[in-house]
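Undergrad: Curious how this folds, go ahead:
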Amino acid sequence: MAKTVLPLREVSIEELFCGSEPCTYEIPIYQRNYAWEKDEISALVQDVYDAYKKNTGRPYYIGTLVSYNKGDRVYEIIDGQQRLTTIRLLLGVLGITPNNKLTYRARRKSDETIKSIPEFKIEERDAGIENGYKYARASVGDIVPKDEMTAYINFFKSSVHIIHYQVPKDIDLNHYFEIMNSRGEQLEKHEIVKAKLMEKLNDDEERKVFNRIWECCSDMSVYAQQSLSDFKPEEVFGYNLSEFKPQSFEELITLYRNHNKETSANHSISISEIIDMESKGNWIQLEADFDKKDSFLPIIDFPNFLLIVLKISRMKEWNFEPELFNLDDKELLNEFNDAKMDADAIKAFSFNLLKSKWLLDNYIVHHSKEEDTLDSNPWKLQVWRKDEDTRKGQLRNLISDLTLQNKLTHLLSMFEVSFTPRQRKNYLFYTLFYLLGNDINDYQSYATFVESLADKYFYNVYLDGTKLNAINTPMPGSFDGVVLRNNKLDIMNIAPRTTDDFIHVYGDGVEASKGVPLFVFNYLDYKLWEKYDDELRGERKKEGSRERRDFFDKLGCGDFGLKVFDQFYFSRTRRSLEHYYPQATATGEPGVLDQNQINCLGNYAMIGSEANSSGSNWSPKTKLDHYLDPSGKIGQVSVASLKFMIMMQICKDNQTWEFEEIKNHQDKMMDILFSK
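TA: Numbering: from 1, shown residues only. Here you go, the predicted structure:
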């Protein structure tokens, strides 16, 4: 079978405009006039300068250009003419003479104006192009230092790249325009990655299976079992759709072939079909009962998920350095280019993509579409399956043991609220890497892994000052440096640390703290909940029992009930750092605490932003009266932080909150953090 070659080429600015074989880029009459303003042009100049200063040695991508090949090296610009014109203006500003022409069909004024760069010595000018040149000249002058101009020009010519789709002559342009108009935007980076990977596959059948997997996985808010088209779902996901049966991409090819015996052997996939598949999708209808899909709020977007799967796929490479891999979708094209995957590697990646999506959907928490309330935990750890009797779709807890189910849900959601941005989700990479290489039905081992990962983060990263920057945020590569060894997971080997190590990094109120990261608060709240879950069960929960008295004594406060522990979950609203003794009044005057004393763990808690904004400057006693009044304001606070509940109870017990209470509370929390 002949290999389909996709009409896609990555070119530098120099290749685009200064190639050895001159060509003409023609802006057709149906395209609007040049319309970029100062802000857009300045942003492009600034972005290129920032990329130049980073000096990564990698290309910097500025988008896509789509053209129609009219023959004789004349390309009619279909999409990207605003960016193309801006590049031409910048070439004029930077003193670069292009070999290739940019012309405007049936627009004499625009055509003459672009030819007259840089003097514009013509009577009638296109004001948009002339002003664009002035904006470009001013932006370069303001942003690029004179002593760096030569290096900037060289970077602009050779390292700034654009993806050029040269659409074949026989394409249905009306269909293409319909697609582009419905999209209203350029191709995204992950679509470019898809096209470049598909180009390397050996035949159309492989490309079709790859495309089906890609389409299934790109809808991050729907279970994979409900999204995979052109397969018999039971052959992929088992009789109840709750397991993953294939062992390789080749097995998926066989399953696809058996289900689609009439696949045309001669059909070629064009770029318009790829874009059409991206914009429309092709979803499965399992049965009449499954038309309605169960959706949720995903914890990661598709481009960043692709990077996690790519990193997992590369872990077997002997010379792969995972700590240098960037889990940030801004580097999506660069990371896939660096991977240099052949057809076999692409097929292995595709298999990992589908299995990882299934694991993500069923073995990792996601958030329901409900608002955060006291009544129910919105974090769900559920598998989508068919009921054995009714054969209807349903969601069930991953683990039937409710104690283990709750523990794993709390652990995974603790990580998620600590690392909410969809980039750099190292914990998610480690977790999926573990699941892909271990018995996923051994739920106890899975929970032990996630708990050990949390311990590894706390002891080996957050208590090691050499791995933290000036504000105690982990530096790049810190997590991989301690979690991975020889490209394998190494989480059981945890360095011993003491309370002295904690004080050395985060202080105890005697010296100024550089800040306490969000993860430390979340880890502490998990340890508090875990202590409750382990020590107070059954009869031990009774008010006045010895176990319950001992429990609250270890917390350092009176008994405030167990409801807040039962209702606790890691709310997405817990993004605000609260000083219980307010920062505004910590002047250090006689009888008043100073900034060192209040900026320590003992006076901090992570709570909901609504609660923080309403009372950040209240005194400790006033906060106590407001948050614990009968109107129910305690709701948002208890959900947000168990630690804050303990602090308020101490204030209620002692009717004060001074440095003695702060120091004693920190000591108690240290005991919890370092207990085994």
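Undergrad: which parts of the longest helix anywhere in the chain are buried?
TA: The longest helix of the chain (DSSP state H) is helix 343-363. For helix 343-363, a neighbour-count test (16 or more other C-beta atoms under 10 Å) marks 345-347, 349-363 as buried. C-beta here means a position set from N, CA and C on the backbone, and glycine is covered the same way.
Undergrad: and that helix, average pLDDT?
TA: Averaged across helix 343-363, pLDDT comes to 97.
Undergrad: Equivalent analysis for stretch 618-625, please.
TA: Mean per-residue pLDDT for stretch 618-625: 82.
Undergrad: buried set for that stretch?
TA: Within stretch 618-625, the residues scored as buried using 16+ other C-beta under 10 Å are 618, 620, 623, 624.
Undergrad: quick revisit: how about the CA coordinates for the longest helix of the chain, as CSV?
TA: Only the C-alpha atoms of helix 343-363 are listed here, as CSV (Å, rounded to 0.1, in the frame of the first residue of the first chain):
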residue,chain,number,x,y,z
ALA,A,343,6.5,4.2,13.1
ASP,A,344,7.0,1.6,15.8
ALA,A,345,7.5,4.2,18.5
ILE,A,346,4.4,6.1,17.3
LYS,A,347,2.3,2.9,17.5
ALA,A,348,3.6,2.2,21.0
PHE,A,349,2.8,5.8,22.0
SER,A,350,-0.7,5.4,20.5
PHE,A,351,-1.4,2.3,22.6
ASN,A,352,-0.1,4.0,25.7
LEU,A,353,-2.3,7.0,24.9
LEU,A,354,-5.5,4.9,24.9
LYS,A,355,-4.6,2.8,27.9
SER,A,356,-3.5,5.9,29.9
LYS,A,357,-6.8,7.7,29.0
TRP,A,358,-8.7,4.7,30.3
LEU,A,359,-6.7,4.7,33.5
LEU,A,360,-7.0,8.4,33.9
ASP,A,361,-10.8,8.2,33.6
ASN,A,362,-11.3,5.2,35.9
TYR,A,363,-8.3,5.1,38.3
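Undergrad: hang on, residue 671 in a helix?
TA: Yes: looking at residue 671 with DSSP: H, G, I helix; E, B strand; the rest coil, it is inside a helix.
Undergrad: Give me the pLDDT value at it.
TA: At residue 671, the model reports a pLDDT of 96.
Undergrad: what's it in contact with, if anything?
TA: Listed by C-beta atoms under 8 Å, 6 or more residues apart in numbering, the contact set of residue 671 reads residue 554.
Undergrad: Tell me, please, the helix or strand in the protein that averages the lowest pLDDT.
TA: When the helices and strands of the chain are scored by mean pLDDT, DSSP states H and E, helix 271-280 comes last with a mean of 50.
Undergrad: For residue 166, which three-state class applies?
TA: strand.
Undergrad: Between the two ends of stretch 241-258, how far is it?
TA: Stretch 241-258 has an end-to-end distance of 19 Å (criterion: C-alpha to C-alpha, to the nearest Å).
Undergrad: scratch that, stretch 383-400 is what I was asking about
TA: Termini of stretch 383-400 sit 11 Å apart (C-alpha to C-alpha).
Undergrad: what would the buried residues of stretch 618-625 look like in a markdown table with secondary structure?
TA: Below are those laid out as a markdown table (three-state DSSP):
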| residue | secondary structure |
| --- | --- |
| 618 | coil |
| 620 | helix |
| 623 | helix |
| 624 | helix |
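Undergrad: Turn those residues into TSV, columns for distance to residue 53.
TA: Below are the buried residues of stretch 618-625 laid out as TSV (distance: C-beta to C-beta, whole Å):
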residue	distance to residue 53
618	45
620	47
623	46
624	51
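Undergrad: Looking at those, spot the one nearest residue 510.
TA: Nearest to residue 510, judged by C-beta to C-beta, of these is residue 620 at 20.3 Å.
Undergrad: got a list of what that closest one touches?
TA: 580, 581, 582, 651, 656, 657.
Undergrad: Just give the nearest non-adjacent residue to the last one, would you?
TA: Using C-beta to C-beta, 6 or more residues apart in numbering and skipping the chain neighbours, the partner closest in space to residue 657 is residue 620 (3.5 Å).
Undergrad: Look up how far residue 648 lies from that neighbour.
TA: From residue 620 across to residue 648, the span is 8 Å (C-beta to C-beta, to the nearest Å).
Undergrad: Residue 417: neighbour count?
TA: Other residues lying near residue 417 total 22 when counted by other C-beta atoms under 10 Å.
Undergrad: residues touching it, list them.
TA: Counted by C-beta under 8 Å, 6+ apart, residue 417 has contacts 518, 522, 570, 571, 572, 574.
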